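Novice: A predicted structure for the sequence below; I have some questions about it.
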Amino acid sequence: MQPYRYTERKVHALFRNIFNLKSSGPIVALFIILLILPPIIPRFYTYIIALMFVTGLLAMSLNMVVGHGGMFQFHHAAFYGVGAYTFALILTKTSLPMWVGFVAGPMVAAFVGLLIGWFCVRLSRLYFGMLQISLGSLIWAIVFRWYSLTGGDDGIHGIPMPSILSSLTSSYYFILIVLTICLGGMYLIFKSPFGTTLQAIRDNPQRCEAVGVNVRRHQLAAIVIATFFAGIAGILFVVLERSVFPDLLFWVLSLEIFIMCLLGGWFTFLGPMLGAAITMALRTFVGIYTEYWTLILGIILILLIFFLPEGVMGLITEKFKGQVTSYMQEQK
Amino acid sequence: MDIGQVFTLSALGSQFLVGLSRSMILFIVCSGMSFVLGVLRVPNVAHGSLYMIGAFSAFSIANLFGGSSVGFWLALVFAPLVVAAVSLIAERALFCHLYQREHLMLLLFTFAIMLILGDLVKLIWGAEYRSIVAPPHLRGSIAIFGSSLPRYNLFLLIIGPLVAIILWLFTNKTKIGKISRAAAVDREMVGAVGINVSWVFAIAFVIGCYLAGLGGALVAPTVSITLGMDHTIIIEAFLIVTIGGLGNMWGALVGSLIFGLTQAFGVLFWPQFAIVFPYAAVVIILIWKPTGMLKSVW
């Protein structure tokens, strides 16, 4: 078996798939709309959309492990926070050039992901999640208390950005470009032999083991890749907000992005992005009328669990293509 | 920080007792979570919110009697019952329809309940800090090991083992306890012999939540009651239950002792990083024994 060999034909088919006008037409149109949007709409909405991008990237990176990999990645926010803090610390505490921060953020997040994942993949589902929560909480506790380095519970504010990223519009474009590159990379991984093997492991780990797939190594690789992207999302958050705080690594955020994945649809590629966008939009608009946003979120989540376990994107896919994995039903 | 001063025997002894009494609170909360986890196989994320509701209801009931001694004892009796009622409603109205679903969905459902309860507490009691006082004969402190220990902590040290014994008697000597243990091992078989498993689950869930409420009511005089106490306790409870062995009551006790004592001694040795110590202990234990110290029921 040669699961990793990219034949030339496969690559061509993949690119034909991506640049197929019929399927990618709406996405290109959406991209163009997002490009021309900032000068038209008010600043506040530009900010909200940029925040949607950042959160959406985070949710999609989580979905690589949870939806496609079937692992209980319960503390994904830890890696997001590690990426953000690494970037912020390099910018504020050292005199290294900025690109070092851009490289180091995701690398450190992926390294922490490798360390934590190495312990986690040896365990079965719920224990995997529990060990990850405890390791992630350890990181949170250290960040929360190490006042001299991380600013403790205050965090670090007013992180200096170079002039090219100083305005909201320029950081919006920066985030959009990075997001597009990341989504392209994620899509290639999703459709690659590695991605399909990962989904096969999700559906039936025993059979994959039997045909000679190294399940743990695949899972670990998926965790490292996902945490790398989570680190990138962390950097984008710093670019947008110019501050970091310990709530970025708190487990509540981890479960919130879980909800975004559920809302958008676990088993679709763009679902988590949609889920994040819906969640952020709701939070913004509900926040105008009431301060009880989490109450609304809880009710939405209950409705989702009861009526829409495949998520919004899952529903759309089902309606239009009539094919959706029935993984949830099989897991009974 | 003078080493000689810190490591005196009396300081160690008093810190040990403080940690022990903290462990008792943790044990009462975690034994409830462990019980639910054992029978229903669901990590109940809303457990911390129920603990918070227990503390807030204790405040309200004690306040009703103007902070008198009677009010405190009534709060200790009725606050957990309020929590049990809330959990019964949540279970019968929503949760019982989901038992056939995947674990992850059940976990996310309890998270939704946590979000809703958190905001309901904010709606009912507001965001201010609250506190209640212990009755006169539990105030002040007494001398043990040449150092003083608050009387209330001593009270906790009595209550904790009492709860453990009652819970042990319940699960091992009563019929419903035996049925719930059987349901933990094989729910289909329990259903096949003609027992209504759905109600067994409901009772187990309510008992677990009652313990969360009891923990909340007991902790109320020692801390300031505020929003956000659910977030800290739930993560601690999760970790304790995991290092003890999922669903094992004695595991919850061992885990609570480890967590409470490492935290207490952490305060003594390195106050700034006191909260890091228990997490580090948990990580070391989980890497050493990934499925917990004691046998898990799973």
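Specialist: Cool, the structure landed.

Novice: Give me the next element, helix or strand, following the helix or strand hosting A:F53.
Specialist: Element membership of A:F53, judged by DSSP states H and E, is helix A:43-66. Using DSSP H and E, the helix or strand that follows helix A:43-66 in sequence is helix A:77-93.

Novice: Mind exporting the C-alpha coordinates of the helix holding A:F53 to PDB?
Specialist: The C-alpha trace of helix A:43-66 is given here as PDB (Å, rounded to 0.1, in the frame of the first residue of the first chain):
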ATOM      1  CA  ARG A  43     -15.300  50.200  10.800                       C
ATOM      2  CA  PHE A  44     -17.100  48.200  13.400                       C
ATOM      3  CA  TYR A  45     -18.400  45.600  10.900                       C
ATOM      4  CA  THR A  46     -14.900  45.400   9.300                       C
ATOM      5  CA  TYR A  47     -13.600  44.500  12.800                       C
ATOM      6  CA  ILE A  48     -16.400  41.900  13.400                       C
ATOM      7  CA  ILE A  49     -15.700  40.200  10.000                       C
ATOM      8  CA  ALA A  50     -12.000  40.100  10.700                       C
ATOM      9  CA  LEU A  51     -12.800  38.500  14.100                       C
ATOM     10  CA  MET A  52     -15.000  36.000  12.300                       C
ATOM     11  CA  PHE A  53     -12.000  35.100  10.100                       C
ATOM     12  CA  VAL A  54      -9.800  34.500  13.000                       C
ATOM     13  CA  THR A  55     -12.300  32.500  15.000                       C
ATOM     14  CA  GLY A  56     -13.300  30.600  11.900                       C
ATOM     15  CA  LEU A  57      -9.700  29.600  11.200                       C
ATOM     16  CA  LEU A  58      -9.400  28.400  14.800                       C
ATOM     17  CA  ALA A  59     -12.700  26.400  14.500                       C
ATOM     18  CA  MET A  60     -11.500  24.900  11.200                       C
ATOM     19  CA  SER A  61      -8.200  23.900  12.700                       C
ATOM     20  CA  LEU A  62     -10.100  22.200  15.500                       C
ATOM     21  CA  ASN A  63     -12.400  20.500  13.100                       C
ATOM     22  CA  MET A  64      -9.400  18.900  11.400                       C
ATOM     23  CA  VAL A  65      -8.900  16.900  14.500                       C
ATOM     24  CA  VAL A  66     -12.400  16.600  15.800                       C
END
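
Novice: Can you name every helix or strand that that helix contacts?
Specialist: Judged by 3 or more CB pairs under 8 Å, 6 or more residues apart in numbering or on different chains; DSSP states H and E, helix A:43-66 is in contact with helix A:21-40, helix A:168-191, helix A:215-241, helix A:251-264, helix A:271-289. The C-beta positions use only the backbone N, C-alpha and C, and glycine is treated the same way.

Novice: Could I get the buried residue list for it?
Specialist: Counting neighbours by 16 or more other CB atoms under 10 Å in any protein chain shown, one finds that the buried residues in helix A:43-66 are A:46-66.

Novice: Pull the distance from the helix or strand B:Y51 falls within to the chain's centre.
Specialist: Element membership of B:Y51 [criterion: DSSP H and E] is helix B:47-64. How far helix B:47-64 lies from its chain's middle: 13 Å, per CA atoms, centre = their mean, to the nearest Å.

Novice: and that helix, what's its mean pLDDT?
Specialist: Across helix B:47-64, pLDDT averages out at 90.

Novice: The next helix or strand after that helix to helix B:47-64, inter-axis angle?
Specialist: Moving toward the C-terminus from helix B:47-64, the next helix or strand (DSSP H and E) is helix B:69-93. Using axes from the mean of the first three to the mean of the last three CA atoms, to 10 degrees, the direction of helix B:69-93 lies 140 degrees away from that of helix B:47-64.

Novice: Establish whether helix B:69-93 and chain A are in contact.
Specialist: No. Residues of helix B:69-93 are not located near chain A by CB under 8 Å from any CB of the partner chain, the shortest gap being 10.1 Å.
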